[in-house]
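In: After the sequence you'll find the predicted model.
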Amino acid sequence: MADAQPLWQPGESGELLLYRVNRRPIGADSMFPEEIPDDVLDHFNRMFPNGWKVETKGGGGNRIWRSGGVEFDHQARVMTGKLGWHPAEEEAVTDYDDQAEDWVVSIEAPHGRVVLPFAFDGDTRILAVLRRGRSRADTIGRVFETILKENECDLERPTTDWSVEPIFDPRDFAQWLESMDVVREVQFVAKLPNPTPTPAYEDVFKRMEDRGATRLIENLHSNQRGGLRDVQEDDDFAQAEKMASEGFATLKGVGEREGRKTRYNQKERVRRATIPHLPDSWGEMRQVLTGFLKERARGLLGDE
C-alpha cells in the first residue's frame, strides 16, 4: 500500500517534546510490594494498545485522544506510533441542499484533527513526541500516562504505577532564574526513582528511603525584599535538578519581573529537541524518530 499523505509538512523543521516513562511497583511503601515486569518496552507495548480513547477537558473544548499505528522494532528496542485527537462535540454545518432547494443544517463529525507521531526507547525510557498545533506539553504527557494506567488497571492483577514525566531542561530554568528581578518561591516534588538512583542525587534518595517516603515536597519561600538568593547553590535543590533531568522530580517557581508575577512550571516547559528537516513519509518518520532516540537523545540528556 502506498504511503498516505504525511501528517506534517515535509522539509520543515519539527519540535520534539521529551518525557521519561517511569514505573513503580504498586504498594512500594508496603511490606509486600508487587513485582513489576522486567522488560519495560514489552510492558509499555502491552499497556499502550491501538485505539484506546481518552477524553480531556480544556478551555478550547473537550478532546478525544486515540492511539494508533503502533509498531514494535525488536532489534532497536523502540516502539513507534501516533497519538491523535479530535474535538469531542459534533458540529452543526449549514449547507445548500439541491434536492430541497434550500439551506439546511446537518450534524457532522467534528473537524480539526491533530496527529502526533511518537517513539519510545525501551533502553532509556525516553518518550519523544513530535509536537503539532497548540497541544499543551503537560496534556500530551497526561494522555500517555492515562492510557498506560487504565490498561494496567484492567489487568486481573495490576503490578505497576506508571508515570510519564516531562524531562527537565536545566538551562531553561537557569535562564528563568536569571531573568527574574526577584525570586519568591521555588518548589520541587521528588518521587522515589526506579531503578536505583545515580550518585548525583543519592542523598535525597537516601533521605526519602530512610523515612519511608515515596514522595518529597520541598518549598523555599521568601517574603524579604530581595527574595531568595543562590537557589542553585543549595545542595538539596541541586540534587532535585538532577532528579528532574531524569524524570524523577518536577520543579516550579514564582518570581517577579518588572513588577509583574511570573511563574515557572516544568510540566509546561518540557525539554525540547529539533528535527531540522521532517521526512516525506511515515516509514521515514519512524526511522528519524528511532535514530534520534538512539543517536542524539542520550548525548542531549547526558545518558550513558
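Out: Good, I have the coordinates. Nothing here was measured: the structure is a model prediction, and the numbers come from that model. Numbering: from 1, shown residues only.
In: In stretch 128-137, which residues are buried?
Out: 128-132, 135, 137 (16 or more other C-beta atoms under 10 Å). (Each C-beta comes from the backbone N, C-alpha and C, glycine too.)
In: Helices of this protein, start to end?
Out: 40-47, 137-153, 170-179, 202-211, 235-245, 282-291, 297-301 (DSSP state H).
In: Run the angle between the second one and helix 40-47 for me.
Out: Looking back up the chat, that one is helix 137-153. Relative orientation of helix 137-153 versus helix 40-47 (axes from the mean of the first three to the mean of the last three C-alpha atoms, to 10 degrees): 80 degrees.
In: Kindly report the same for the fourth one.
Out: Helix 202-211 and helix 40-47 meet at an angle of 60 degrees, taking the same axes, to 10 degrees as the criterion.
In: Then the third one?
Out: Relative orientation of helix 170-179 with respect to helix 40-47: 90 degrees, computed using the same axes, to 10 degrees.
In: who touches helix 170-179?
Out: 183, 231-232, 241, 244-245, 251, 253, 255, 257, 262, 264, 266, 269, 271 (C-beta atoms under 8 Å, 6 or more residues apart in numbering).
In: Tell me which two in the residues you listed are the farthest apart.
Out: Ser245 and Arg257 (25.1 Å; C-beta to C-beta).
In: So between these two, which is more surrounded?
Out: Ser245 (20 against 12; other C-beta atoms under 10 Å).
In: Skipping adjacent residues, who's closest to the more buried one in space?
Out: Phe168 (5.0 Å; C-beta to C-beta, 6 or more residues apart in numbering).
In: What sits closest to Asp39 if chain neighbours are left out?
Out: According to C-beta to C-beta, 6+ apart, the nearest residue to Asp39 is Gly122 (7.0 Å).
In: what sits against that neighbour?
Out: 39-42, 44, 77-79.
In: What of Ile36?
Out: Ile36 touches 23-25, 43, 159-160, 194, counting by C-beta under 8 Å, 6+ apart.
In: Which one (most neighbours) among the residues you listed?
Out: Thr160 (22 neighbours).
In: is it true that that residue touches Val21?
Out: No: with contact defined as C-beta atoms under 8 Å, Thr160 does not reach Val21; the gap is 10.8 Å.
In: This completes my enquiry, with thanks.
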